[in-house]
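Peer 1: Whatever this is, show me its structure:
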Amino acid sequence: MGKVSARYTEEFKKSVVSLYSNGKTQSQLCEEYGISSSALSRWIKMYSEVKVDDGSVMTAKQIKELQKKNALLEEENIILKKALAIFTPHSDNG
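Peer 2: Modelled structure (predicted):
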């Protein structure tokens, strides 16, 4: 069947990262919850919170999603500009 991997909910991952942020060590968490250290460090990277200039808080995962969305919008913008150039007549004849 292939590799068996435990599926953890996003809520569980966030809770574990929250415990880590509040002082639990990675080794304590791995031992208590049976999580591999590589999975835990991945979750910490994804869900650790970053303070933004306006005082709000975002996770690395949210920032990555925004970057992806931004790249997509920029791509669409370029396509629309090209389409506009193609379909806009360049003559001033009225």
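Peer 1: looking at this structure, which helix or strand does the model trust least?
Peer 2: strand 49-51 (a mean of 82; mean pLDDT, DSSP states H and E).
Peer 1: ok, now which ones touch the residue nearest the centre of the chain?
Peer 2: Central residue of the chain (Cα atoms, centre = their mean): Lys61, 2.2 Å from the mean position. By Cβ atoms under 8 Å, 6 or more residues apart in numbering, the contact list for Lys61 reads 46-47. For every residue, glycine as well, the C-beta is placed using N, CA and C.
Peer 1: before we move on, which element is it in?
Peer 2: helix 60-87 (DSSP states H and E).
Peer 1: Show me what counts as buried in that helix.
Peer 2: Lys61 (16 or more other Cβ atoms under 10 Å).
Peer 1: How about stretch 47-54?
Peer 2: Buried, per 16+ other Cβ under 10 Å, within stretch 47-54: Tyr47.
Peer 1: and the end-to-end length of that stretch?
Peer 2: Terminal residues of stretch 47-54 are spaced 19 Å apart (Cα to Cα, to the nearest Å).
Peer 1: coming back round to it: what does the pLDDT read for the residue nearest to the centre of the chain?
Peer 2: Note on Lys61: pLDDT of 87.
Peer 1: mind checking how far it is from Glu11?
Peer 2: Lys61 sits 13 Å away from Glu11, going by Cβ to Cβ, to the nearest Å.
Peer 1: repeat for Lys69
Peer 2: Distance from Lys69 to Glu11, by Cβ to Cβ: 23 Å.
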